[in-house]
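> Provided below for reference: sequence and predicted model.
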Amino acid sequence: MITPGRIVRLAERDRAEVHFLLAGEMRGALAGDTVLTAMLASGHALRNSEFGSESRAGFCLMGACQDCWVWQEEGPCLRACTTLIAEGMRLRTTPPENWP
Amino acid sequence: MSDLASPRIVIVGAGPAGIRAAATLVDAGFHPIVIDEGQRAGGQIYRRPPAGFTRPPQQLYGSEAQKARALHSLFDQLAAEGRLTHYARSSVIAVHEGRLHVLRESGVQVIFYDRLILATGASDRVAPVPGWQSAGVYSLGAAQIALKAQGVALGRRIVLTGSGPLLTLVGAQLVKAGAHVPAVLDTSPWRQQLRGLWELAARPVVALRGLVMRAQLGGRYHAGVTLERIETDGSGVAAVRWRDAGGRQRATSCDMVGMGWHLRAETHLADLAGCAFTYDEQWRQWLPKIDRMGRAGNGIYLAGDGVRLLGADGAEIAGCLAAAACLADLGRPAPSANADLHKLARLERFARGLACAFPWPSEMVRALPEDAIVCRCENVSAGVVRESADAGGGEANRVKSLSRVGMGRCQGRYCQLAAVELVAAKAGCKPDAVGRFRGQAPVRPAPIGAFLRES
């Protein structure tokens, strides 16, 4: 189920659907979405601040501010504004639990 | 035709400046390497959506559609004909002794150059507003990229603020696309904007276009605004509190804020390449030193918004000039620069008008409350920056070491100007006396694994 997220799609809505997992839960997105767009289409944040209590949802969208790094289940982080969503991606808004 | 013995020229950035520089070099028989972070060439203002998007250039770039299309097809053709080498999705993270360290998907690759043209562009010049670290606050550029490259608005109720051409442009584009924009809050008062009018008249068509867009914003637009704070709830931005030109307190509820005060040149690589810098009073920021053609010395050339904030048209011209300077220095025939230099002078006059009409909000920054966050990366507050100014003698890099402002993942791109403003206020000197943060490699975060795969 897609609940209303932070972003609003204004154009280009007839692209193929793509599915990914966010914290183990199935989410839908459209082919050509960045990870940032995909996550904020049904959510309000990408991650929590390491230095404050607030959540973060990106800032510059051009790869300069580094606010939008998100975790993947398999370990490596990715920059959500410059990475396109792909079928079957497994993303997290928090570090994996066994992270040292 | 290019041959293996010819000097290697590397261009960083495939926006308007980088593309024109590449085309000029190809015309002269060189085979440049163009390194760019984007998936497809175009840069930010002429950014192209990913494959599968269908809106035509007219809808994406408006009055600039022809220019965008011309640059895209020029670059694509040169790449398809194998007359240049394009490293897409690649970030130059360090420059050292004639070598670029380039972060690519395959790992870090070292590329040497004989001549280097940096066309690294600019990002939004932002000023902290209490609460701006919250989810839902974006740069104006981000709002435009979201619309152009993804077809989305970053919120359901959008307040735009700051000052400069992008404020009006992004506002008009969002309204036209159907986004809900209850307020556009310009910190520059009308009388200040009028002061820039004479020089803005250097480009009457562009100025007029801006006025038409301003009119389209109607009652949403407010000049001479003072921003007080961004209020938040559990999921992010909830409202902007501001005072209008008459001093009345206002609040506009929203779930997104887009902010920016024109642009800040992206100068990290020029710094690492050893370029000299000078404080530019007009733009209130440090910019690399170049001659009229873009020469920075030592085989380095700079072009576009990364060195002079003249916008996309100026960047195209500067790209041609930098390549021409490079050719002349190599003893090759170079295209004549006179007409381009003349055009550039007109754009420079217009830019002076912009800088005057839409100034950096130094008073607002100096008045930040102690607990306001200055560095979004590590949540360093205005109070901590001010305190370390006392201990550090008012020097930018000492303040950086003491407070960690500018040491986070963005490397000071979005906090440096405000931090320096706070230190200057505390030390009772002008911002240029505080100095600037030294650039440090890597200029983008790079995973350790990328160095293990170094080639």
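Done, it's in. Numbers count the residues shown, from 1 in each chain, chains lettered A, B, ... in the order given.
> quick one: stretch B:180-196 to chain centroid distance?
Mean-position distance between stretch B:180-196 and its chain equals 21 Å (Cα atoms, centre = their mean, to the nearest Å).
> Identify each buried residue in it, please.
By neighbour count on 16 or more other Cβ atoms under 10 Å in any protein chain shown, the buried set for stretch B:180-196 is B:Val181, B:Ala183, B:Val184, B:Leu185, B:Asp186, B:Thr187, B:Ser188, B:Gln192, B:Gln193, B:Arg195, B:Gly196. In short, each C-beta sits where N, CA and C put it, glycine included.
> residue ranges with poor pLDDT in the chain?
Using chain A. Regions of chain A meeting the criterion pLDDT under 70 cover residues A:1-3, A:100.
> look at chain B instead
B:1-5, B:453-455.
> Kindly recompute the last result at 50.
B:1-3 (pLDDT under 50).
> can you list the domains in it?
Domain ranges of chain B: B:9-123+B:264-335, B:126-261, B:368-434, per automatic domain parsing.
> would a markdown table of these with distance to A:Arg56 be doable?
What follows is the domains of chain B, written out as a markdown table (distance: least, Cβ to Cβ, whole Å):
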| stretch | distance to A:Arg56 |
| --- | --- |
| domain B:9-123+B:264-335 | 18 |
| domain B:126-261 | 6 |
| domain B:368-434 | 8 |
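> got the contact list for the most centrally placed residue in chain A?
Nearest to the mean C-alpha position of chain A, by Cα atoms, centre = their mean, lies A:Met39 at 3.4 Å. By Cβ atoms under 8 Å, 6 or more residues apart in numbering or on different chains, the contact set of A:Met39 is A:Gly5, A:Leu22, A:Arg27, A:Leu46, A:Val70, A:Ala80, A:Leu91, A:Thr93.
> what's the answer for A:Arg13, then?
Here A:Arg13 is in contact with A:Leu30, B:Gly151 (Cβ under 8 Å, 6+ apart).
> Over to B:Tyr414?
Per Cβ under 8 Å, 6+ apart, neighbours of B:Tyr414: A:Phe59, A:Cys60, A:Ala64, A:Cys65, B:Ser123, B:Val126, B:Arg376.
> from those, which is closest to B:Gly107?
A:Ala64 (22.1 Å; Cβ to Cβ).
> Tell me the one among the contacts of A:Met39 nearest to B:Lys426.
Looking at the contacts of A:Met39 and their distance to B:Lys426, the nearest is A:Leu46, at 34.4 Å (Cβ to Cβ).
> hey, where'd the strands end up in the stretch 1-150 of chain B?
B:9-12, B:33-35, B:85-87, B:91-96, B:99-104, B:107-112, B:115-118, B:122-124, B:137-139 (DSSP state E, counting those that start in this stretch).
> about what we covered before: farthest-separated two in the buried residues of stretch B:180-196?
Farthest pair in the buried residues of stretch B:180-196, by Cβ to Cβ: B:Val181 and B:Arg195, 27.0 Å.
> thinking again about what came up before, can you narrow the contacts of A:Met39 down to the ones near chain B?
Applying Cβ under 8 Å from any Cβ of the partner chain to those, one finds that A:Leu46 fall near chain B.
> which one of the contacts of A:Met39 is nearest chain B?
Checking these against chain B by Cβ to the nearest Cβ gives A:Leu46 as the nearest, at 8.0 Å.
> Could you dump the contacts of A:Met39 into TSV and include neighbour count?
TSV is the format used below for the contacts of A:Met39 (neighbours: other Cβ atoms under 10 Å in any protein chain shown):
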residue	neighbour count
A:Gly5	20
A:Leu22	18
A:Arg27	22
A:Leu46	24
A:Val70	23
A:Ala80	24
A:Leu91	21
A:Thr93	16
